[in-house]
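**Q** Fold the following, please.
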Amino acid sequence: MIIFISDSLFLLYIVTFLVIIITIYKCIKAKKIETKTIVIILIGVVYLLFYSYESIPSEKVQYNHIAISDVEGLSEKEIVNKILIQEFDYYKSERLFTKNQIFDYKINRINGPTNDTSKTDNHYYDVSYSVKTIAPAWIAGNGKNEGLWVNSKSEFYNLIKNNDQYILNRVGGL
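**A** Numbers count the residues shown, from 1 in each chain. Model (predicted):
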C-alpha cells in the first residue's frame, strides 16, 4: 500500500501518469517513437515511482514498549510474547525494500525468566524464532537459512518495567 504525504502529491502522481500515457499514445500514433524508447520511458517512470515511494518518511513506532495497563493479569512470559508479536508485526508492515522487512514469522519458544541478581527488576529471556524474509540483515548471526525462511534464530531479551510500561530490549544472540 502506498501512503502519500498529501492529497496534492497523490494528484501529482495521477496527472504525471496521465500525461506520460497521453504523450506516449500521441507519439505512437504519429509514428515518432520506437518501441525501445517506450520501454526506456516506462522503466524510468516505474523507477521514479519506487524511488518516491521509498523516500516517503515512515513514522517511528515504539514496537518494543507496551503499557502496563494493556497487559494486566498476564505473566511476564506472556508479556514478552505479546511485545514480540507487536515487534514482528511491525517488521511485517515495513516497506518492501527496507532492511528489516519480513513476510512471516513464528515464535518457536520463550525460555525464562533468568534473573540478574546484580540488578533489580531485570529479567532475561532466551527466545527462538523463525522469519520469512529476503532481507540479508536477518540471515546474519545464528539460525538456519532454508529457502526464504531463517529458522531457529536465537536471541536474549531483557524485560524491564519502567514507570507505566514494559520495555523489551534485545541483548544479543548466541
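**Q** Can you list phi and psi of residue 41 for me?
**A** Main-chain torsions, residue 41, degrees, to the nearest 10: phi -60, psi -40.
**Q** how about the helix or strand that contains residue 88 as CSV, C-alpha atoms only?
**A** Per DSSP states H and E, residue 88 falls inside helix 76-93. What follows is helix 76-93, C-alpha atoms only, in CSV (Å, rounded to 0.1, in the frame of the first residue of the first chain):
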residue,chain,number,x,y,z
GLU,A,76,6.0,-11.9,32.3
LYS,A,77,6.5,-14.6,29.7
GLU,A,78,3.1,-13.7,28.1
ILE,A,79,4.1,-10.1,28.2
VAL,A,80,7.4,-10.9,26.3
ASN,A,81,5.3,-12.9,23.8
LYS,A,82,2.9,-10.0,23.3
ILE,A,83,5.7,-7.5,22.8
LEU,A,84,7.5,-9.9,20.3
ILE,A,85,4.3,-10.3,18.3
GLN,A,86,4.0,-6.5,18.3
GLU,A,87,7.6,-6.2,17.1
PHE,A,88,7.3,-8.9,14.4
ASP,A,89,4.0,-7.4,13.1
TYR,A,90,5.8,-4.1,12.8
TYR,A,91,8.5,-5.7,10.7
LYS,A,92,5.8,-7.4,8.5
SER,A,93,4.3,-3.9,7.9
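**Q** what mean pLDDT does it have?
**A** The average pLDDT for helix 76-93 rounds to 93.
**Q** what about it, distance to the chain center?
**A** From the chain centre to the centre of helix 76-93 is a distance of 13 Å (Cα atoms, centre = their mean, to the nearest Å).
**Q** name the helices or strands packed onto that helix?
**A** On a contact count with 3 or more Cβ pairs under 8 Å, 6 or more residues apart in numbering; DSSP states H and E, helix 76-93 meets strand 65-67, strand 104-115, strand 122-132, strand 149-162, strand 165-173. Using the backbone N, CA and C atoms, a C-beta is placed for each residue, glycine as well.
**Q** Which secondary structure elements does the third one sit against?
**A** With contacts defined as 3+ Cβ pairs under 8 Å, 6+ apart, the secondary structure elements packing on strand 122-132 are helix 76-93, strand 104-115, strand 149-162.
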